[in-house]
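In: sequence and predicted structure, then a few things I'm wondering about:
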Amino acid sequence: MIKPWEQVFLDPAGEPWVEFVSARSTANIFHHSAWTNLIAECYDYRPFVVAVQDGDGAVRAGIPMMETGSRLRGRHWTSLPFTDHCAPLHDSAVSSGRLTDSLVVLSDDSNTPPMGLRCNLPPRAAIQTYSHHVLHTVQLAQDSDGVFRRFQPMHRRNVRTSEKKGVRIEWGRGHEDLDAFYRLHLETRRRQGVPIQPRRFFDLLGSNLIDKGLGFVLLAYKDEQCLAAAVFLHWQRTLTYKFGASAADGLSLRPNNLLFWTAIRWGCENGYDVFDMGRTDLANTGLRAFKSGWGADEVPLTYSHLPPRTEGSAVGHLMPAVNAVISHSPLWVCRATGELLYKYVE
């Protein structure tokens, strides 16, 4: 006999969790088993779901997790690595509270590693919360012209400027389109001085999500030159901007403005309610202003730790030196650094 509000571990691809997630309109692509499987397969992490069930065995709340581990950081449970946010899903305030309580009980177990959750859990003494980022979301509507009118005048002008200067948008859902994005993404990451994701990540992104109709690539061209590209994922009511790249010598043509408008218009025309523009560091005021200019709501992005964390990542202290090396090195250094270190930088 199942006890009411019993805490259980579930398979993210198993029927009980898949059915529960599919029935939640607040779920987004990061709750989908295809995203979980992508991260797990690429980085060799162990995926699972912490859930609570009622007396009939029905899932009432849950949160996807990964067990990660390295010699540098030890074992951790994260929800989810390389993911901007992943809030618990629940069918009521009561089930949300029960799930939170079960996470607290788990964290007290000596066999449970530290937990880092990309969400703001209900307050408990054992939970530490912090916010170093913000999240921008645009509310979509069937009337895409009305959404366009909410943009700041500069963004509207830049969209029209890009169109007048002959920038065209190509839709991509094939692996050759991901290849084109990856090449530009590699150049962008080298310019920024940060490691790129392993090449295998984008191969799995194609097979796990884009091939299954859960995402697409937009590429902005002027004649034969690819000026900018972006990867968008979508599920339930949310269209999510996940990755972007651009050529430094093409920014005057405003290709990113046309890319974003094309994605937003598609979201409106296809019944999506929210355009998730992803997280931004609090200190990055320029990017925050760019995203807000699309009529986006900016809210603090709060994360939680169980038990409270007292020290940062050892890898994090090395990143300034890594950034300097990458930005002054050939492209292969950026790629090799990502292959070796990327799984440790989160």
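Out: All right, it came through fine.
In: buried residues in the lowest-mean-pLDDT helix or strand in the chain, which are they?
Out: None of the helices or strands of the chain scores lower by mean pLDDT, DSSP states H and E than helix 319-327, at a mean of 81. By neighbour count on 16 or more other Cβ atoms under 10 Å, the buried set for helix 319-327 is Met319, Val322, Ile326. Heads up, the C-betas are built off the backbone N, CA and C, glycines and all.
In: what is it packed up against?
Out: helix 175-192, helix 331-341 (3 or more Cβ pairs under 8 Å, 6 or more residues apart in numbering; DSSP states H and E).
In: quick check: which of those helices is buried the most?
Out: Among these, the stretch with the highest mean neighbour count (mean count of other Cβ atoms under 10 Å) is helix 175-192, at a mean of 18.
In: residues contacting that one, please?
Out: Outside helix 175-192, the residues within contact range by Cβ atoms under 8 Å, 6 or more residues apart in numbering are 170, 172, 195-196, 199, 202-203, 205-206, 210, 217, 219, 226, 228-231, 243-248, 323, 326-327, 329, 331, 333-335, 338.
In: from those residues, list just the buried residues.
Out: 172, 195-196, 202, 205-206, 210, 217, 219, 226, 228-231, 243-247, 326, 333-335, 338.
In: I'd guessed Asp276 sits against Arg237; true?
Out: No. Using Cβ atoms under 8 Å, Asp276 is not in contact with Arg237, being 10.4 Å away.
In: between these two, which is the more surrounded one?
Out: The neighbour comparison of Asp276 against Arg237 (other Cβ atoms under 10 Å) goes to Asp276, with 25 against 15.
In: against Val52, how distant is the closest residue in space to the more buried one that isn't next to it in sequence?
Out: Leaving aside its sequence neighbours, Asp276 sits nearest to Thr240 (Cβ to Cβ, 6 or more residues apart in numbering; 4.4 Å). Note on Thr240: its distance to Val52, by Cβ to Cβ, to the nearest Å, is 27 Å.
In: same deal with Gly166?
Out: Counting by Cβ to Cβ, the separation of Gly166 from Val52 is 56 Å.
In: who has more neighbours out of those two?
Out: Using other Cβ under 10 Å as the criterion, Gly166 and Val52 rank with Val52 on top: 24 against 10.
In: and the more buried one, what does it touch?
Out: By Cβ under 8 Å, 6+ apart, the contact list for Val52 reads Trp5, Glu6, Gln7, Val8, Val59, Arg60, Ala61, Gly62, Ser95, Arg98, Leu99, Ser102.
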